[in-house]
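Q: only geometry, no sequence info:
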């Protein structure tokens, strides 16, 4: 069965520091991969997605993620954290040819210190 | 209204009550989803509708009953719930092209508390 693992349920960085949120997936066939962000009391908003085109995917708000098949990883990064980036981040995998079904990781809460 | 809306945003109900959650999408999509988000657990897919037909039901207890009268509206009817059903219930929609992975757009959720 497909699964998604997000390493670290909570990550804290200083404002201006690099943000790195880790995501690993298990799949025999490269799936489609997504990162979503959830701000307090809101639904999920798509940050970026990988659909077998370029392995480095750029998203909104300065975030990007790199698909590494050999490591089965899809880590999310941002060069310089802003206070407004504090939120919960979810990695999700959509297995190929399963009609858009999403399997989510447990989420990583990002805190940004001034 | 734009995007995906959900009402009510907050709901408190007793175990013997009957209530309904409503979701409406204004994106012209053909697929709609219900998810359950509990603390410290991954989002759980509950139901999927494509062109108003239920295509997935992930072993959800019968006290949750979905209804999709048209491609823009999705309901979740609740009855005789348990306290462990307290969670954030999220609705999402996507274009619904079979075999492709469409981006799912989420509503803000309904925070449900069962007393």
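A: Arrived safely, thanks for sending. If you're wondering where the values come from, they're calculated on a predicted model, not measured in any experiment.

Q: contacts, neighbours, all on C-alpha from now
A: Will do.

Q: centroid-nearest residue for chain B?
A: residue B:34 (2.8 Å; CA atoms, centre = their mean).

Q: whoops, chain A was the one
A: Geometric middle of chain A (CA atoms, centre = their mean) lands on residue A:35, at 3.5 Å.

Q: pLDDT at residue A:16, what is it?
A: Residue A:16 is assigned 97 on the pLDDT scale.

Q: do the one 4 residues further on as well
A: Note for residue A:20: predicted pLDDT of 98.

Q: before we move on, back to that, confirm the residue nearest to the centre of chain A sits in a strand?
A: Yes - under DSSP: H, G, I helix; E, B strand; the rest coil, residue A:35 sits within a strand.

Q: can you pull the contacts of it?
A: A:46-49, A:76, A:89-92 (CA atoms under 8 Å, 6 or more residues apart in numbering or on different chains).

Q: need the pLDDT of it.
A: Per-residue confidence (pLDDT) for residue A:35: 96.

Q: grab the nearest non-local neighbour of it.
A: Excluding its sequence neighbours, the residue lying closest to residue A:35 (CA to CA, 6 or more residues apart in numbering or on different chains) is residue A:91, at 4.6 Å.

Q: mean confidence score for the helix or strand the one you found falls within?
A: Element membership for residue A:91 (DSSP states H and E) is strand A:87-94. Strand A:87-94 carries an average pLDDT of 93.

Q: what is it packed up against?
A: strand A:3-7, strand A:32-38, strand A:103-104, strand A:108-113 (3 or more CA pairs under 8 Å, 6 or more residues apart in numbering or on different chains; DSSP states H and E).

Q: before we move on, back to that, quick one: contacts for the nearest residue to the residue nearest to the centre of chain B once chain neighbours are set aside?
A: Excluding its sequence neighbours, the residue lying closest to residue B:34 (CA to CA, 6+ apart) is residue B:91, at 4.8 Å. Going by CA under 8 Å, 6+ apart, residue B:91 touches B:4, B:6, B:23, B:32-35, B:106-109.

Q: how about residue A:92?
A: With CA under 8 Å, 6+ apart, residue A:92 has these contacts: A:4, A:33-36, A:102-105.

Q: which residue packs closest to it, ignoring adjacent ones?
A: That would be residue A:104: by CA to CA, 6+ apart, it lies 4.2 Å from residue A:92.

Q: burial of the spatially closest residue to residue B:22 that is not a sequence neighbour, as a residue count?
A: Nearest residue to residue B:22, sequence neighbours excluded (CA to CA, 6+ apart): residue B:75, at 4.7 Å. Using other CA atoms under 10 Å in any protein chain shown, residue B:75 has 19 neighbouring residues.

Q: in chain B, which helix or strand is least confident?
A: Scoring the helices and strands of chain B by mean pLDDT, DSSP states H and E places strand B:53-57 at the bottom, with a mean of 76.
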